[in-house]
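Colleague: model the following, please.
(chains A, B, C and D)
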Number of protein chains: 2
Amino acid sequence: MVTLAQVAQHAGVSPSTVSYVISGKRSISQDTRLRVERSIAELGYHPHAGARALASNRSHVIALVVPLRTDMFVPVVMEIAIAVTTTARRYAHDVLLLTSEEGPSAIKRITNSGLADAMILMDVELEDERIPLLRQTGTAAALIGLPADPAGLTCVDLDFEATGRLAADHLADLGHREVALIGPAESVYRRHTGFAERTLTGFRQQAGVRGLRFLHRPCGDGHEAASGTLSRIFEERPGITGLVVQNESALPHLLGQLRQSGRAVPEDVSVVAICPDDVALHSAPRLTSVSVPAKEMGRRAVELVMALAAGRPAEELTLLTPALTIRESSGPGPR
Amino acid sequence: MVTLAQVAQHAGVSPSTVSYVISGKRSISQDTRLRVERSIAELGYHPHAGARALASNRSHVIALVVPLRTDMFVPVVMEIAIAVTTTARRYAHDVLLLTSEEGPSAIKRITNSGLADAMILMDVELEDERIPLLRQTGTAAALIGLPADPAGLTCVDLDFEATGRLAADHLADLGHREVALIGPAESVYRRHTGFAERTLTGFRQQAGVRGLRFLHRPCGDGHEAASGTLSRIFEERPGITGLVVQNESALPHLLGQLRQSGRAVPEDVSVVAICPDDVALHSAPRLTSVSVPAKEMGRRAVELVMALAAGRPAEELTLLTPALTIRESSGPGPR
DNA sequence: ACCTACTGTCGAAGCGCTTCACCAATCCTG
DNA sequence: CAGGATTGGTGAAGCGCTTCGACAGTAGGT
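Modeller: Numbers count the residues shown, from 1 in each chain, chains lettered A, B, ... in the order given. Now for the predicted structure:
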């Protein structure tokens, strides 16, 4: 293993100089910097992470807590996780993967052991038991998702209320009068995971403003749940011509079921999905959708948390503005 | 921050004693052990990861390299990742998440910096450029997937050849005579990611043995690709009554298309999927499937890598035996 | 009874790095 | 051109832990 001392010797300078070249915390003459850098490359030197963490009290690691429960759409979780690690690398940081299985104690363990400088939490619940701990330990942390009381925390999320409003507006604009919101599984609402409820709130509000008659139904995963939900909706409200779907895994089943039951999209029913773009693009017809900006959320979370870890202040609430892309699944309403 | 020295003082012993209590590397009297353990709990002590890594040369971290390219089914990747982290925790280890973006240099960086004691690589290609590095540095590593030459490496994978044979056998047993294998996107075959080719090999072999006439077609993601592939298959071979599908994301579209084109499953066409169980269960009809044991793979990889890191020898090749579960999508063939 | 062996504990060295205090040389600035 | 800044470099302390060797004290074998 190559050590800093060896690099120093090879470059003919003192260890501290090498350290300063690497960290950039002091000005170093062009000349010696080059010499040191050449030695580093030549010897293939990489600083020992543990030693560095011990001496500097910073590990250059961000902990990412991913949900175990899979009522968040798994590909979105993965996309965020990947965005987090690639962004972290741009800050010369690595990512430690934790699951919510370990619970709140994981937070204590990580902060106390100095394993990570900062944390990013996904799958935040409205009354998340980890939040008091975060507040009290003053850990540099960003939440992806919104708890009930985000004061003093740093949160990133899509503005789901605006998303709901946007979807309602789009259907209203097209002339639809009766619409339905198909959400995630009921368990998600019961666990108060925020995003589902916020979409509903925004949707309900704007539906009111625009005079839309509307229905809201949760929908489980799988084909059966999807087709059951769908037929019950049309049974109850045969006049429905607009559907907003916030449930990625039900989407293909829902579309298949519509096709099979003889309702053409968009001629008979318009569909607006809340999903990642690639899901919208891989459906038939291609879906008008409000995209879930997973990459952006991951990236922002890292940026915020890096600011916090560096002692800089960070925006408390980052609500990403939703964007609706009109594709082939939505068209003019009745008449 | 609580240090080992503080624990020692609190318990009235020397620091080294505390260390030995924690590591169990020397025998400690019942009496002092209890006293120390109580102090640890009382002070909420967690060893400083960096200091420990520096002194002991072991970081208690496993690096997990996940694919960036998403031609592996994302939920499977995620499930493996989660299985890896939960299993790692049982060995008191944490998991560092890397993406294949950084390429082979990541391996050097991690091993040289002592950030991780071992690595688990997913998305291994037949001629993976990281493998020489692994061999040469002697890194404790496990591969999930099979390279062209696994000699001297530690690999875990589903036995895809057996999987192909199993699927062929099942259809043959049911009396089908003409069948098709619908695989992942063509790009996957071109990149030689092993698993697709191995399934094909096993399927072809057993189809030969059982006298099945068969066709093989890759299939892209999305509805269009799926329905296109399907109609071309039936155009070319109208007599086909059995389908093996190794493409999770095409599955719902394929099934929808079959339904729509008036082919009943399993009355007209039998479908055998190679996919995780929950995908099979969430389809309609529930699919006869060979399950991809993601959890098991993650778990095994950790166990193997922990053995290697501890200097114990490890199985070079772990091929998990596939299991076919008969559900509702496969039935008797023609006649 | 003596020597050996083992058990339980301690002290201290040292892992590889960062950073503080210090120094020498150069640079302005009035 | 004196005096204070500024720049570029060094030496050494010390971060919190593990681990080696030492050392009492007790046990076991003969």
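
Colleague: okay, now residue A:220: neighbour count?
Modeller: Residue A:220: 19 surrounding residues under other Cβ atoms under 10 Å in any protein chain shown. C-beta: built from backbone N, CA, C; applies to glycine.

Colleague: pretty sure it contacts residue A:186?
Modeller: Yes - proximity of residue A:220 to residue A:186 meets the contact threshold set by Cβ atoms under 8 Å, at 7.5 Å.

Colleague: domain ranges for chain A?
Modeller: A:4-47, A:61-158+A:294-320, A:160-292 (automatic domain parsing).

Colleague: mind checking if the helix or strand of chain A with the lowest mean pLDDT is in reach of chain B?
Modeller: Least confident helix or strand of chain A, by mean pLDDT, DSSP states H and E, is helix A:186-190 with a mean of 86. No - shown here: helix A:186-190 not in contact with chain B (Cβ under 8 Å from any Cβ of the partner chain), separated by at least 15.1 Å.

Colleague: so after that helix, what's the next helix or strand?
Modeller: Counting by DSSP states H and E, the next helix or strand C-terminal to helix A:186-190 is helix A:195-209.

Colleague: ok, and what's touching that next one?
Modeller: With Cβ atoms under 8 Å, 6 or more residues apart in numbering or on different chains as the test, helix A:195-209 has contacts from A:145-146, A:157-158, A:160-169, A:172, A:179, A:181, A:183-184, A:188-189, A:212-214, A:216, A:218, A:244, A:246, A:274.

Colleague: ok, now with 7 Å
Modeller: For helix A:195-209, the surrounding residues in contact (Cβ atoms under 7 Å, 6 or more residues apart in numbering or on different chains) are A:145, A:160-165, A:167-169, A:179, A:181, A:183-184, A:188-189, A:214, A:216, A:244, A:246, A:274.

Colleague: before we move on, what about stretch A:51-64?
Modeller: With contact meaning Cβ under 7 Å, 6+ apart, stretch A:51-64 is reached by A:81, A:84, A:88, A:92-98, A:110, A:114-120, A:302, A:305, B:48-51, B:54, B:97.

Colleague: spit out the contact partners of residue A:186.
Modeller: Counted by Cβ under 7 Å, 6+ apart, residue A:186 has contacts residue A:218.

Colleague: now with 10 Å?
Modeller: Taking Cβ atoms under 10 Å, 6 or more residues apart in numbering or on different chains, we find residue A:186 in contact with A:196, A:217-220.

Colleague: and what of residue A:214?
Modeller: Taking Cβ under 10 Å, 6+ apart, one finds A:168, A:171, A:176-181, A:200, A:203-204, A:206-208, A:237, A:240, A:242, A:244 in contact with residue A:214.

Colleague: show me what it is bridged to.
Modeller: Judged by DSSP bridges, the bridge partners of residue A:214 are residue A:179.

Colleague: and which of the contacts of residue A:186 is nearest DNA strand C?
Modeller: Of all these, residue A:196 has the smallest distance to DNA strand C: 43.9 Å, by Cβ to the nearest atom of the strand.

Colleague: let me know how buried that closest one is, in neighbour terms.
Modeller: By the criterion of other Cβ under 10 Å, residue A:196 has 23 neighbours.

Colleague: and the strands in chain A?
Modeller: Under the criterion DSSP state E, chain A contains strands at A:61-66, A:94-99, A:118-121, A:141-144, A:155-158, A:178-183, A:213-218, A:242-245, A:270-275, A:288-291, A:317-320, A:324-325.

Colleague: any chance of TSV for the ones you listed, columns distance to residue A:130 and mean pLDDT?
Modeller: What follows is the strands of chain A, written out as TSV (distance: least, Cβ to Cβ, whole Å; pLDDT from 0 to 100):
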stretch	distance to residue A:130	mean pLDDT
strand A:61-66	8	98
strand A:94-99	11	97
strand A:118-121	7	97
strand A:141-144	9	96
strand A:155-158	13	96
strand A:178-183	25	96
strand A:213-218	26	95
strand A:242-245	30	97
strand A:270-275	26	97
strand A:288-291	28	97
strand A:317-320	18	96
strand A:324-325	33	98
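
Colleague: okay if I get those strands as JSON lines plus distance to residue B:228?
Modeller: Formatted as JSON lines, the strands of chain A follow (distance: least, Cβ to Cβ, whole Å):
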{"stretch": "strand A:61-66", "distance to residue B:228": "35"}
{"stretch": "strand A:94-99", "distance to residue B:228": "38"}
{"stretch": "strand A:118-121", "distance to residue B:228": "40"}
{"stretch": "strand A:141-144", "distance to residue B:228": "37"}
{"stretch": "strand A:155-158", "distance to residue B:228": "33"}
{"stretch": "strand A:178-183", "distance to residue B:228": "28"}
{"stretch": "strand A:213-218", "distance to residue B:228": "33"}
{"stretch": "strand A:242-245", "distance to residue B:228": "25"}
{"stretch": "strand A:270-275", "distance to residue B:228": "22"}
{"stretch": "strand A:288-291", "distance to residue B:228": "23"}
{"stretch": "strand A:317-320", "distance to residue B:228": "35"}
{"stretch": "strand A:324-325", "distance to residue B:228": "24"}
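
Colleague: nice, that's everything, thank you.
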